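1. Here is the input, now give the coordinates:
(2 chains)
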Amino acid sequence: MSFWSRTARVAVSLVVLMLLMAILVELTPLGENKWMRVFFGVSALNFTLRAAIPLVLGALSGILCERSGIINIGIEGMMLAGAFAGFVAKSSTNDWPLYLSLVFSVIVSLGVGGLMGLLHGMLSIRFRMDQIISGSVIIILAAGLTSYLFDRDAIADGKFTPIPIPLLSEIPVIGPVLFNNPPITYLALLLVLVVHIAIFYTRWGLRTRAVGEHPRAADTEGINVNLMRYLNTMLGGMLAGLAGAYLVLEAVGQFQEGMTAGRGFISLAAMIFGNWTPFGALGAATLFGYTQALQNEFLLAGVTTIPRQFVSMLPYVVTIIAVSGLVGRVRAPAAIGRPYDTEGGR
Amino acid sequence: MMSNPVLEVQEICKIFPGVVANQDVSLSLHSGEILALLGENGAGKSTLMNIIYGLYQPSSGEILVRGKSSKMRSPRDAIGLGIGMVHQHFQLVPVMTVVENVMLGSEMLRHGFLDREQVSQRILDLSRDYQLEVEPSTLVEDLPVGIRQRVEILKALYRDAEILILDEPTAVLTPQEIEGLFEVMDLLRRQGKSIIFITHKLKEVLRIADRIAVLRQGKLVGEVTPSEASEPRLAAMMVGREVMLQVDKKEAEPGDSILEVKGLEARNDLDEICLSEVDLKVNAGEIVGVAGVQGNGQTELVEVLTGLRPLKNGILRIGGHDLSGATPREITDRGKICHVPEDRHSYGMVDNYSVADNLVLNSYYRSPFAKGMTIQRESIDTNAETLVKKFDVRTPSVQTPGASLSGGNQQKMVIARELSRPIQLMIAAQPTRGIDVGSIEFIHQQIVAKRDEGIAVLLISSELDEIMALSDRIVVMYRGSIIGEVLNKETTRQELGLLMAGVKSDSENIQHSAP
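-> Next up, the predicted model:
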């Protein structure tokens, strides 16, 4: 079917291929080769997954917005706002039981992300602002506000820790990579499936896609175009907020100024590379995550033959290549970026 | 025969800022009836239908469905009352399948998920009942226009529509497809559905309608039955004055050969041969009509003649210059041709440009419109004022965007531009497609006037009436070749119809089976 596009297939095959290589490296004599371990060891995969999760969530955020016809260039800002909100919530509830405080903080991140989404929705729907500008405003606003409000003495105590899944985590290679992770990681992977099903198999998804492709057609069938768009930008904002929560509450444990470091933009690239499909985005995020993981692996293995700067460039180079369309054609929703007017003043 | 009406419209008024689109319009529709709503573009037909369908709110007036006063706040209300609409511009999502399009907004669910199978089955049942064959799992973008229209009708039937509004359904169809649509409409009528059929084509109205209501400038000007109506009478009601349906023209006086094409061959976008061995000659002072069912190479022929499509083989000579393989600008400049393209929105105008800018698209780069690197606004505007007056382009101002003009006025704008510089050959493709009678009349007069000035005219049209009304000579295209050539005064519709179907008239042997 149409949504199981070529790019999505390529991306998913990539993920499977990496897992297979890791199994070979860990379980066969192939692993005696140092380079093989650097490129395909379990630790490379662990790094990959950790780097990929915020990208996956960011890309899903983009998919929800853009499928409904709203360009979301502001993922970076929504992510940062979510991260900051999560941090504030966590550092002010340090005396609560750890898990309660963490879950509360995640909810706060989701809420603030959703509010940023709502703001983007209002700017681009109600006030008909150019959506690229509106997204940029979100980014600048988030960067400025979080930096201004950030209390540098605040400390967040504790973060999410891995929860091994019984039995599954015992499987060699796949177990430690996929089934011994902290909760937001599981949630993110689950969300890929959930969003996929929601978009292609539910009424909400059908309407979302129609609104993003041909709003007038949706309108003539009695669908409230702008309501669908508000809903989707808010949900998208929440997912970006979750990505922020991941950074603060699961990956790092603290907030740093500008800690999203361009992840929102790379998420956008993952969304485009994945042809606006959740699984495509997962594959693309994995690829981008892998390039980041390689940096760490090279560093740890003490590789000096390749200058470190070149390795650091890798994620961005791969992003540019992916978005420039060298890797197969992708198609954006047709009505993207255009405000919808009901004619005749209803 | 008069049962209670299923739909009544009472004294509907609709006022847009600055325009009265409908004024005191009252209509009624009975079950099992086809009511034709006739009117020129801009007469308020679509506005009225959009009001009935809940897309617009009336400024005043009332709508009664099955005797009950009903307010349509949105299409959802109209759909709920059994009203379905097939829009002039299809409201289908190209990248979705037929199933998805049909169920959009009225989805069938199973365990909370979309039930594509059940909807598919429903579509197949409906297509059997109403002879609307379509494959439910195809993507709409892969369907030809005629089939897309079926999908639109199926959408309405899937929602159990009892009242169907067909907004200009024939504008995009070939003569054969129109016949097919009429059969479907007749079937629907016999099954008790009521249809409002919007059009501005007189023949169609007389052919299929039970009653005809005529709108002019937002007002209902009369209601007649086909038996008491005639084409001239309907045309007069629509336009508000006598209209000449027959184009008045004298005998042609052909001069030197202007366009000469020999052994032309070209390929289409799929790299298949779409034109082969085309020989064609057009002389000064004559109109040569190219007839044929759409898709037999006419579009590609025009593209080759204007330099938009490369020619693989053959010779193209215009006014003595060999222009085989020349660029569009070389052809327009050296061949002194003008081109009225078949799709004005894609090739004839820039929708968002003002009328004034649209009027210099073919000459903005030269004096007096450009001086060195700068555009001369003043002369562009003066030029526009003159042309708008001369070609009767009705626009609030020359600064109005081209897109907000009616179809007929857009086409007059395109023609004004194309005829505004010295030419020796006019290539007009579907010059009156989808526009009103008044504009058609005007454009036809312009084309004949150009002929009388000694200009060679190549007219491509899928409307046989138009070809027969204007041409001096007629060539018929079939499967990328010219299958026959006749003199207009010596031919008949039947003969042309056979040629269009690929049957050679002289030998009566069938050349090919139909496409």
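
2. just how off-centre is stretch B:164-183 within its chain?
-> Stretch B:164-183 has its C-alpha centroid displaced from the chain centroid by 11 Å (C-alpha atoms, centre = their mean, to the nearest Å).

3. give me phi/psi at the residue nearest to the spatial centre of chain B?
-> Most central in chain B under C-alpha atoms, centre = their mean is residue B:434, positioned 3.0 Å from the mean C-alpha point. Backbone torsions for residue B:434, taken as degrees, to the nearest 10, come to phi 70, psi 30.

4. swap in residue B:295?
-> As for residue B:295, its main-chain torsions (degrees, to the nearest 10) stand at phi 90, psi 20.

5. neighbours of it, just the number please.
-> Close neighbours of residue B:295, defined as other C-beta atoms under 10 Å in any protein chain shown, add up to 17. Quick note: C-beta positions are derived from backbone N, CA and C, even for glycine.

6. mind checking the SS state of the closest residue to the residue nearest to the centre of chain B other than its chain neighbours?
-> Leaving aside its chain neighbours, residue B:434 sits nearest to residue B:171 (4.6 Å; criterion: C-beta to C-beta, 6 or more residues apart in numbering or on different chains). Judged by DSSP: H, G, I helix; E, B strand; the rest coil, the three-state class of residue B:171 is coil.

7. And residue B:27, by the same measure?
-> Going by three-state DSSP: residue B:27 is strand.

8. Settle this for me: it is touching residue B:5, isn't it.
-> No: counting by C-beta atoms under 8 Å, residue B:5 is not a contact partner of residue B:27; they are 9.0 Å apart.

9. More neighbours: which of these two?
-> Each of residue B:27 and residue B:5 has its neighbours counted (other C-beta under 10 Å); residue B:27 has more, 21 against 18.

10. Counting by contacts, list what the lengthiest helix in chain A packs against.
-> Longest helix of chain A, by residue count under DSSP state H: helix A:42-67. Helices and strands touching helix A:42-67, by 3 or more C-beta pairs under 8 Å, 6 or more residues apart in numbering or on different chains; DSSP states H and E, are helix A:6-27, helix A:75-92, helix A:174-178, helix A:183-201, helix A:203-213, helix A:225-245, helix A:263-273, helix A:278-300.

11. mind putting these in TSV, mean pLDDT included?
-> Formatted as TSV, the helices and strands packed on helix A:42-67 follow (pLDDT from 0 to 100):
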stretch	mean pLDDT
helix A:6-27	79
helix A:75-92	96
helix A:174-178	87
helix A:183-201	96
helix A:203-213	96
helix A:225-245	97
helix A:263-273	92
helix A:278-300	88
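
12. Please render those helices as a markdown table that adds mean neighbour count to the earlier fields.
-> Putting these into a markdown table (neighbours: other C-beta atoms under 10 Å in any protein chain shown) gives the following:
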| stretch | mean neighbour count |
| --- | --- |
| helix A:6-27 | 17 |
| helix A:75-92 | 29 |
| helix A:174-178 | 18 |
| helix A:183-201 | 18 |
| helix A:203-213 | 24 |
| helix A:225-245 | 27 |
| helix A:263-273 | 28 |
| helix A:278-300 | 24 |
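
13. will you turn those helices into TSV that also has distance to chain B?
-> As requested, those are exported to TSV (distance: least, C-beta to the nearest C-beta, whole Å):
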stretch	distance to chain B
helix A:6-27	15
helix A:75-92	24
helix A:174-178	27
helix A:183-201	5
helix A:203-213	5
helix A:225-245	11
helix A:263-273	16
helix A:278-300	15
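
14. In TSV, list these along with distance to residue B:91.
-> Converted to TSV, the helices and strands packed on helix A:42-67 look like this (distance: least, C-beta to C-beta, whole Å):
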stretch	distance to residue B:91
helix A:6-27	28
helix A:75-92	31
helix A:174-178	45
helix A:183-201	21
helix A:203-213	10
helix A:225-245	12
helix A:263-273	28
helix A:278-300	28
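
15. right, and the ones you listed - which one's nearest residue A:139?
-> Set against residue A:139 and scored by C-beta to C-beta, the helices and strands packed on helix A:42-67 come closest in helix A:75-92, at 3.7 Å.

16. between that closest one and helix A:263-273, how many degrees?
-> Angle of helix A:75-92 versus helix A:263-273, following axes from the mean of the first three to the mean of the last three C-alpha atoms, to 10 degrees, is 130 degrees.

17. what packs against the following helix or strand past helix A:75-92?
-> For helix A:75-92, the following helix or strand on the C-terminal side (DSSP states H and E) is helix A:98-121. Judged by 3+ C-beta pairs under 8 Å, 6+ apart, helix A:98-121 is in contact with helix A:75-92, helix A:131-149, helix A:225-245.

18. CA atoms of the last one as CSV?
-> The C-alpha coordinates for helix A:225-245 follow below in CSV (Å, rounded to 0.1, in the frame of the first residue of the first chain):
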residue,chain,number,x,y,z
VAL,A,225,-10.5,21.2,9.1
ASN,A,226,-9.1,23.6,11.6
LEU,A,227,-10.2,21.6,14.6
MET,A,228,-8.3,18.6,13.2
ARG,A,229,-5.3,20.8,12.7
TYR,A,230,-5.4,22.2,16.2
LEU,A,231,-5.7,18.8,17.6
ASN,A,232,-2.7,17.5,15.6
THR,A,233,-0.4,20.4,16.4
MET,A,234,-1.2,20.0,20.1
LEU,A,235,-0.5,16.2,20.0
GLY,A,236,2.6,16.9,18.0
GLY,A,237,3.7,19.4,20.6
MET,A,238,3.2,16.9,23.3
LEU,A,239,5.4,14.4,21.5
ALA,A,240,8.1,17.0,21.1
GLY,A,241,7.7,17.7,24.8
LEU,A,242,8.2,14.0,25.5
ALA,A,243,11.4,14.1,23.6
GLY,A,244,12.5,16.9,25.9
ALA,A,245,11.5,14.9,28.9
